[in-house]
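Asker: Coordinates for the following, if possible.
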Amino acid sequence: MKVAVFGLGYVGSVTAACLAAAGHDVWGVDVDTAKVGPITQGHSPVVEPGLDELVADGVRAGRLHATTDPRLALECADVSLICVGTPSTAAGSTDLTYIKRATRDIAEAMQVVVPPLSGFHSVVIRSTVPPGTVDEVVEQVLAEVPAPEGLTFGTAMTPEFLREGSGLADFYDPPFVVVGTRNNKVGTALTDLFGFIGKDVQVVDVRIAEALKFACNAFHATKVSFANEMGRIFRHFAVDSREVMKIFVQDTSLNISPYYLKPGFAFGGSCLPKDLRSVLHLARMNNTDLPLLAGALATNERSVRDVVDRIVAGPGREVALLGLSFKHATDDLRESPNVELAERLIGKGYNLRIYDAIVNPGRLVGANLRHVQSKLPHLQRVLTDDPHAALAGADVAIVSATDTAAIKALMKQPPARTIDLSGRLGPDVEALPGYEGVGW
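Answerer: Okay, here's the model as predicted:
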């Protein structure tokens, strides 16, 4: 393909050189001659191991070019990859000025150049941008500069996952290749463009692709902060946190794994809240700040409050809560967020009926019994093991139970609103009128 890469900074230079090495005809575009000049002379404009040699090879082979003129780059081009900067504003938002400018340059240049033989041009964002940028910014700019007769634009987001210092290795062996688009032609074009990498191209909704890079970087920042907080607290106890984390990462079932990384409701149970509070107490006793872990408790409480707020904001006073224990298939109610949710709704005057197939107040003992007695002293009166009884007359169902009886009852007598706390209820439930995911 002929590919135009807009922005010849770190991401653009690596992307352009690697695509040229794969046999594509690549034209880099930048307003800065300090970036264009080195490439035309066969050198990399940025310092990155191995990139200088790759740029030199591409220029010698006649497959890599650089220019300040978008028209040269877009003559008969199939794809534009926008790799321009998206810096933070003073308020912390993403500055999309360069995205808009590059998109407008593409739209205006395509009015005067020879279009690709296919009559179709893909405009693809590779910079990190907030969800909605392609729909609300890129598409809008393209609409303001109508395409010439015989040419159609398609748009997409293809995030990059390049780390400085290992950019080439990361390009050729990314964690995934994701294309966010609603246009099948763009999906096909980018699958062909990146096919040489040898990984399946995952074509998803454009906003998912835009959000993915933010999720990745936020998690990476969280991991760094978590390790640093462990170091800050454990050093007070003569503990080498490097050794702790060395063993910690060997757990690929829970610690370094997909487990827990599913949007849903708050955590609870006999361990997580208790031990997190204990770590924070140790920190206070040693005059040590652990804002990340303190924030974990705060955001957990916010998860419960968010559901209560959504119930309060809607109509109806009859609520069915399907699932009470903190974990499915157990009767453990200790610090269950569902118990906390029930207590708050009852406290606000809602008529609450609770279904749980396993919880039996007569069989609860010890701390489990004491906890529920302090939170829900009238549990026996509002609890049932029949989901139909809980749902009868309900205006809204709050669902964490995923057992077959609960799902069947919900399908048979769905209330006006269903709030899913688990994300595991299945497509039939999600298709019900009034369905809401707690975080999706």
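Asker: contacts, neighbours, all on C-alpha from now
Answerer: Noted.
Asker: What mean pLDDT does stretch 181-200 get?
Answerer: Taken as a whole, stretch 181-200 has an average pLDDT of 96.
Asker: Equivalent analysis for stretch 238-257, please.
Answerer: Rounded mean pLDDT across stretch 238-257 is 97.
Asker: contacting residues around it?
Answerer: Identification of contacts with stretch 238-257 by Cα atoms under 8 Å, 6 or more residues apart in numbering yields 227, 230-231, 234-235, 259-260.
Asker: do stretch 272-280 as well
Answerer: Here stretch 272-280 has contacts from 267, 290, 293-294, 297, 335, using Cα under 8 Å, 6+ apart.
Asker: mind listing the strands for the stretch 151-300 of the chain?
Answerer: 152-157, 177-180, 201-204 (DSSP state E, counting those that start in this stretch).
Asker: Give me whichever of these is most buried.
Answerer: For the strands of the stretch 151-300 of the chain, the largest average neighbour count (mean count of other Cα atoms under 10 Å) is found in strand 177-180, namely a mean of 25.
Asker: for that one, packing partners?
Answerer: Applying 3 or more Cα pairs under 8 Å, 6 or more residues apart in numbering; DSSP states H and E, one finds that strand 177-180 contacts strand 152-157, helix 184-193, strand 201-204, helix 206-234.
Asker: Out of the ones you listed, which is the most enclosed?
Answerer: Mean neighbour counts for the helices and strands packed on strand 177-180 (mean count of other Cα under 10 Å) peak at strand 152-157, with a mean of 23.
Asker: now that one and helix 184-193, what's the angle there?
Answerer: 60 degrees (axes from the mean of the first three to the mean of the last three Cα atoms, to 10 degrees).
Asker: Other residues contacting strand 152-157?
Answerer: 119-126, 134, 138-139, 147, 179-183, 185-186, 206, 209-210.
Asker: hey, C-alpha coordinates of it in PDB?
Answerer: The C-alpha coordinates for strand 152-157 follow below in PDB (Å, rounded to 0.1, in the frame of the first residue of the first chain):
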ATOM      1  CA  THR A 152     -14.900   8.000   0.100                       C
ATOM      2  CA  PHE A 153     -13.300   8.300   3.500                       C
ATOM      3  CA  GLY A 154     -13.400   5.700   6.300                       C
ATOM      4  CA  THR A 155     -12.000   6.300   9.800                       C
ATOM      5  CA  ALA A 156     -10.500   4.200  12.500                       C
ATOM      6  CA  MET A 157      -8.300   4.100  15.700                       C
END
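Asker: now that strand against helix 206-234, angle please.
Answerer: Going by the same axes, to 10 degrees, strand 152-157 makes 20 degrees with helix 206-234.
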